[in-house]
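A.B. asks: what follows is a protein structure lacking sequence information:
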């Protein structure tokens, strides 16, 4: 049997392999964390652009526009709204189904007896 003697690792590969065997975080955890940090910096521009676009869509209302909106607003009354909704329910109770007129030559999807043709 050959006896192995302890010696210092001579090549970079051997030193790295020993370090990764002792500290697996260096092989898996550190690259993962570095990727997350780099990704956050890379995505920073995308999120900034997203919020800038949103800010362009939302515009600040001037006092004149706010007053015109307030003047044109319909007065809201719960009783009036309740009765208006009740009327719409009554209209829904009295509806009648109507067929849509078909184009010339278009099938109307009505099943007929053989005698009717």
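C.D. replies: The structure has been received and is ready for your questions. Predicted model, so just to flag it, every value in this text is computed and none were measured.

A.B. asks: who touches the lowest-mean-pLDDT helix or strand in the chain?
C.D. replies: Ranked by mean pLDDT, DSSP states H and E, the weakest helix or strand in the chain is helix 63-72, scoring a mean of 74. Outside helix 63-72, the residues within contact range by C-beta atoms under 8 Å, 6 or more residues apart in numbering are residue 61. C-beta: built from backbone N, CA, C; applies to glycine.

A.B. asks: buried stuff in it?
C.D. replies: Within helix 63-72, no residue counts as buried by 16 or more other C-beta atoms under 10 Å.

A.B. asks: how far off centre is that helix?
C.D. replies: Centre-to-centre, helix 63-72 and its host chain are 33 Å apart (C-alpha atoms, centre = their mean, to the nearest Å).

A.B. asks: what about the one residue sitting closest to the centre of the chain, distance to residue 56?
C.D. replies: Of all residues in the chain, the one closest to the mean position by C-alpha atoms, centre = their mean is residue 50, 13.1 Å from it. Counting by C-beta to C-beta, to the nearest Å, the gap from residue 50 to residue 56 is 11 Å.

A.B. asks: would you map the helices across the chain?
C.D. replies: Ranges of helices in the chain, per DSSP state H, are 12-22, 24-27, 29-57, 63-72, 78-93.

A.B. asks: could you tell me the least trusted of those helices?
C.D. replies: Across the helices of the chain, helix 63-72 has the smallest mean pLDDT, namely a mean of 74.

A.B. asks: how about the helices of the chain in TSV, adding distance to residue 99?
C.D. replies: Shown next, in TSV, are those (distance: least, C-beta to C-beta, whole Å):
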stretch	distance to residue 99
helix 12-22	76
helix 24-27	72
helix 29-57	43
helix 63-72	41
helix 78-93	20
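
A.B. asks: I'd like to know which of these lies nearest to residue 108.
C.D. replies: Residue 108 lies closest to helix 78-93 among the helices of the chain, at 26.7 Å (C-beta to C-beta).

A.B. asks: many thanks, I have nothing further to ask.
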